[in-house]
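>>> need a structure here:
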Amino acid sequence: MRALGLIAATILCVATQAASADDAEPAWRASALAMLPAGYVAGTAYRTEGSTGYLAVYPISSNDPKSPASVFATRQALVVALTPDATRAVSVALKPRSGPDPDTDDTDFPKHADLAAKRSTLPDGTEPCDFGAWSVDKDPDGLNVRAEPSIKARVLGTLPPPYRLKLGGSENTPDGGWLTEFRIIGFKNGWFLIEGAKPPGKDYEDDKKYPRSAPKPYAGRGWVASNKVGASYANGATRMGGLFQAPFVDAKWMPAQRELGGAIDTDGGPKHIFACSGLWGLVESQDGVRGWWRGLCSNQVTNCS
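The predicted structure follows:
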């Protein structure tokens, strides 16, 4: 069943990319852009109904780490009055989006509904998230896990630095050592709420040979600074090769590169992870593009396709 799920996700991703690449923008979009209100960025022109067009728009600050967008927030659309032949914009109005759009929308992604329902179980003001990540902190004393999202908060425990396991040649340890993995379940003000940290490399080594003396991370719930966290790109069943300006599939899409060149995909990961919302991460690609990618993971031995 898991294999079938991966195949289905891959097919969906390919179909999404093909649709994004092949669907021509309607003729009216260019003239509507000239009327775009200040402070917004245009995404996809997702519907035309007679002499009315609908353009996805998101606040210009949606990919700003200081004020990241939320996948759970109420959205708006630019409703465009068109000429009778539906080729040019006559006037525009910014209005709330009244409902989901099955072909382009993300609100019906089931996992996000589940996460929204769990908001009450998180600390006040915490944005619900869900993906795997790891500590990139090389401090020999480890990464502090704190009781609150503040550098002044009490330290609950630590996550080990990279662990260079040696088993006489039978180990699988990467050159840089095994990183400590965990789940990210929330975000607030530059901090990630995590839980379930695992001993570095334990899932990838022979369990019978993994030493009892290996470092043991704090495995409970707590907060870590976002600039100490890394992950790999996973297949989020969206358009690959770039990042979105907001955490929605109809937001503006921006091409981005991997570390060794080529469009980003499920090989490798971002340079930085700034924030998260649902299954989306606000990241910076290796070539400096800042935007949203749906699906991050913490697999250290293969990609997350």
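>>> Might you report the residue contacts of residue 291?
Each residue near residue 291 by Cβ atoms under 8 Å, 6 or more residues apart in numbering is listed here: 63, 242, 243, 244, 245, 254, 256, 282, 283, 285. Where C-beta positions appear, they are placed from N, C-alpha and C, glycine not excepted.
>>> how far away is residue 74 from residue 132?
Here residue 74 is placed at a distance of 29 Å from residue 132 (Cβ to Cβ, to the nearest Å).
>>> quick one: which of those two has more around it?
Using other Cβ atoms under 10 Å, the more surrounded residue of residue 74 and residue 132 is residue 132, with 18 against 7.
>>> Verify the assumption that that one is located in a strand.
Yes. Looking at residue 132 with DSSP: H, G, I helix; E, B strand; the rest coil, it is inside a strand.
>>> thinking again about what came up before, between the contacts of residue 291, which is nearest residue 127?
residue 282 (10.5 Å; Cβ to Cβ).
>>> Check which helix or strand that closest one maps to.
According to DSSP states H and E, residue 282 maps onto strand 280-284.
>>> what sits up against that strand?
For strand 280-284, contacts defined as Cβ under 8 Å, 6+ apart pick out 63, 65, 68, 71, 129, 131, 231, 236, 243, 247, 270-276, 290-294, 296.
>>> returning to that earlier point: inside helices: which ones of the contacts of residue 291?
Of those, none are assigned to helices by DSSP state H.
>>> Can you flag the buried ones in the residues you listed?
Neighbour counting over the contacts of residue 291 (16 or more other Cβ atoms under 10 Å) leaves 63, 242, 243, 244, 245, 254, 256, 282, 283, 285 as the buried ones.
>>> could those residues be laid out in JSON lines, adding distance to residue 112?
Formatted as JSON lines, those follow (distance: Cβ to Cβ, whole Å):
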{"residue": "63", "distance to residue 112": "18"}
{"residue": "242", "distance to residue 112": "21"}
{"residue": "243", "distance to residue 112": "18"}
{"residue": "244", "distance to residue 112": "15"}
{"residue": "245", "distance to residue 112": "18"}
{"residue": "254", "distance to residue 112": "22"}
{"residue": "256", "distance to residue 112": "23"}
{"residue": "282", "distance to residue 112": "16"}
{"residue": "283", "distance to residue 112": "18"}
{"residue": "285", "distance to residue 112": "23"}
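>>> among those, which two are most distant?
Greatest spatial distance in the buried ones among the contacts of residue 291: 242 and 282, 14.1 Å, computed using Cβ to Cβ.
>>> Buried ones in stretch 296-304, by neighbour count?
For stretch 296-304, the neighbour count (16+ other Cβ under 10 Å) marks 296, 297, 298, 299, 300, 304 as buried.
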